Each structure stands twice: as structure tokens, then as C-alpha cells.
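Peer 1: Got a predicted structure here, sequence first:
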Amino acid sequence: SFTRLAELVLQANKKDLDLLGGSMNDEFNLAVLEEQEGLCNVSDDTSKSC
């Protein structure tokens, strides 16, 4: 029936969005780590520890 088909489509879309959201979170976390690493390695003369 149409209702069942609509439910299946919504489930598939939700799975796709969950996967996309997970990969976007991974990319964001990687970017944050790279930024922090860059800030820590700006100068060896600084006494600021990370």
C-alpha cells in the first residue's frame, strides 16, 4: 500500500541522513583537532601548553 511505501522511503531517508550526519561530525571533529594542533605548534618559544 501507499502508506507502507511512504514508511519505507522515510526510513531509508532517515538512514541516509544519519550516515551523512555521522560523517559530517567526524569531519568537524577532525577540523577541530587540526585547528588545535596548529594552535599548539605555532611557536616553540611560547610557554603556553595545550
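Peer 2: That came in fine, so what should we check first?
Peer 1: which residue is nearest the middle of this protein?
Peer 2: The residue lying closest to the centre of the chain (Cα atoms, centre = their mean) is N25, at 1.2 Å.
Peer 1: Give me the pLDDT for R4.
Peer 2: Listed pLDDT for R4 reads 92.
Peer 1: Give the burial count for it, as a bare number.
Peer 2: R4 has 8 neighbours, counted by other Cβ atoms under 10 Å. In short, each C-beta sits where N, CA and C put it, glycine included.
Peer 1: any idea how far it lies from K15?
Peer 2: R4 is 17 Å from K15, where distance means Cβ to Cβ, to the nearest Å.
Peer 1: Likewise for A6?
Peer 2: 15 Å.
Peer 1: Tell me, please, where in this protein the pLDDT is lower than the cut-off.
Peer 2: 21-24, 40-50 (pLDDT under 70).
Peer 1: Would you map the helices across it?
Peer 2: 2-40 (DSSP state H).
Peer 1: Pull the number of nearby residues for K14.
Peer 2: 10.
Peer 1: just the CA coordinates of stretch 29-42, formatted as CSV?
Peer 2: Output of stretch 29-42 as CSV, limited to C-alpha atoms (Å, rounded to 0.1, in the frame of the first residue of the first chain):
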residue,chain,number,x,y,z
ASN,A,29,35.9,16.8,14.9
LEU,A,30,38.9,16.3,12.6
ALA,A,31,38.9,20.0,11.7
VAL,A,32,38.8,21.0,15.4
LEU,A,33,41.7,18.7,16.2
GLU,A,34,43.7,20.1,13.3
GLU,A,35,43.0,23.6,14.4
GLN,A,36,44.0,22.8,18.0
GLU,A,37,47.2,21.1,16.7
GLY,A,38,48.0,24.1,14.6
LEU,A,39,47.5,26.5,17.5
CYS,A,40,49.8,24.4,19.7
ASN,A,41,52.5,24.2,17.1
VAL,A,42,52.5,27.9,16.2
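Peer 1: Lovely, talk soon.
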